[in-house]
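Student: Attaching a predicted model along with its sequence, questions to come.
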Amino acid sequence: MAENKLKERWQAGKAAVNGWLAIPSGFSAEVMAQCGWDSITVDMQHGVQDYQTMVQCFQAMDRFPVTKLVRVPWNEPGIVGKVLDAGAYGVICPMINSPEEARALVSYALYPPKGARSNGPIRAATYGVAGTYQKTANDEVLVIPMIETRQAVENIDAILDVPGISAIYIGPSDLAFSMGKTPALDSEDAEQLGMYEVVLAACKKRGIYPGIHCGQPAYAARMIKMGFRLTTIANDAGLMSKAAREAVAGVWAEVGNYR
């Protein structure tokens, strides 16, 4: 298996900016892969992606130097193993609230003796030197539980103490929901920001890399300065919508009398 460039970046002390693919299109994935992202995540949970479109996105991105990640729909062994077999370098898994759930995720993502992943890397085996995938996969695959509830934050130490966890990924909207607040990205809520600090401290203590989903570039930059090492900015659909709305509004701002 070829070396995981995102992992190398983190180990060098650098942060990363992550793209997010909700649109089930190899062409949009190809366009996104040329935009400077360090990694790109195919979203199979809330995006309009299925397994086949995920593979198409991977194929479209293969010639670009972006690390391919997947957010799976749930903590379930079939889909975790399948996205890794297709060539994902890391799995982001929603709603990991306990060390037991974290241990299950690790077991699904890693080969024996560290886990129970079944052998059959149909596409992933083509990455790197032939015949080496199974020998290096456990060292290169990133296992990334999502921390997105009050319960998960309360259990953060126990979750991060599970062997095999590479990073965590905060889902701000669901975290806000679990706190009885309005779900939104780029939170300014003092209690929620305090939870980020708790998670960051726990990650720093263990050398685990924290990530978070953001809405705007300025907030992502702020989160990097705060200590996060993976920041996502919106998704492809959101970025396209924002640019399109700004383009249309820009025209009418100049020639409003003709509208």
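Tutor: Happy to help now that I have it.

Student: Do me a favour and average the pLDDT over stretch 100-118.
Tutor: Mean pLDDT, stretch 100-118: 98.

Student: starting at the chain centroid, how far to it?
Tutor: Its chain's C-alpha centre lies 18 Å from the corresponding centre of stretch 100-118 when counted by CA atoms, centre = their mean, to the nearest Å.

Student: can you give me the strands in the stretch 151-259 of the chain?
Tutor: Applying DSSP state E, counting those that start in this stretch to the stretch 151-259 of the chain gives strands spanning 167-170, 209-214, 230-233.

Student: out of these, nearest to residue 150?
Tutor: Proximity to residue 150 (CB to CB) singles out strand 167-170 among the strands of the stretch 151-259 of the chain, at 12.3 Å. Just so you know, the C-beta spots here come from the backbone N, C-alpha and C atoms, and that holds for glycine as well.

Student: Can you give the distance from that closest one to the centre of its chain?
Tutor: With CA atoms, centre = their mean, you get 8 Å for strand 167-170.

Student: how about it: buried residues?
Tutor: 167, 168, 169, 170 (16 or more other CB atoms under 10 Å).

Student: any chance of the strands of the stretch 151-259 of the chain in TSV, with distance to residue 83 and mean pLDDT too?
Tutor: Shown next, in TSV, are these (distance: least, CB to CB, whole Å; pLDDT from 0 to 100):
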stretch	distance to residue 83	mean pLDDT
strand 167-170	15	98
strand 209-214	17	98
strand 230-233	17	98
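
Student: Among those strands, which comes closest to residue 91?
Tutor: strand 167-170 (10.3 Å).

Student: circling back to that earlier point, kindly reformat the strands of the stretch 151-259 of the chain as JSON lines containing distance to residue 40.
Tutor: Output for these, formatted as JSON lines (distance: least, CB to CB, whole Å):
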{"stretch": "strand 167-170", "distance to residue 40": "14"}
{"stretch": "strand 209-214", "distance to residue 40": "13"}
{"stretch": "strand 230-233", "distance to residue 40": "9"}
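
Student: Would you confirm that residue 77 contacts residue 108?
Tutor: Yes: between residue 77 and residue 108 there is a contact under CB atoms under 8 Å: 4.2 Å.

Student: Which neighbours do those two have in common?
Tutor: 116, 117 (CB atoms under 8 Å, 6 or more residues apart in numbering).

Student: Just want to know which of those two has more residues nearby.
Tutor: residue 108 (23 against 16; other CB atoms under 10 Å).

Student: Specify which member of the buried residues of strand 167-170 is nearest to residue 3.
Tutor: Among the buried residues of strand 167-170, residue 167 lies closest to residue 3 (CB to CB), at 16.4 Å.

Student: do you know how far that closest one is from residue 160?
Tutor: Distance, residue 167 to residue 160, using CB to CB, to the nearest Å: 10 Å.

Student: which neighbours do these two share?
Tutor: Joint contacts of residue 167 and residue 160 (CB under 8 Å, 6+ apart) are 203, 208.
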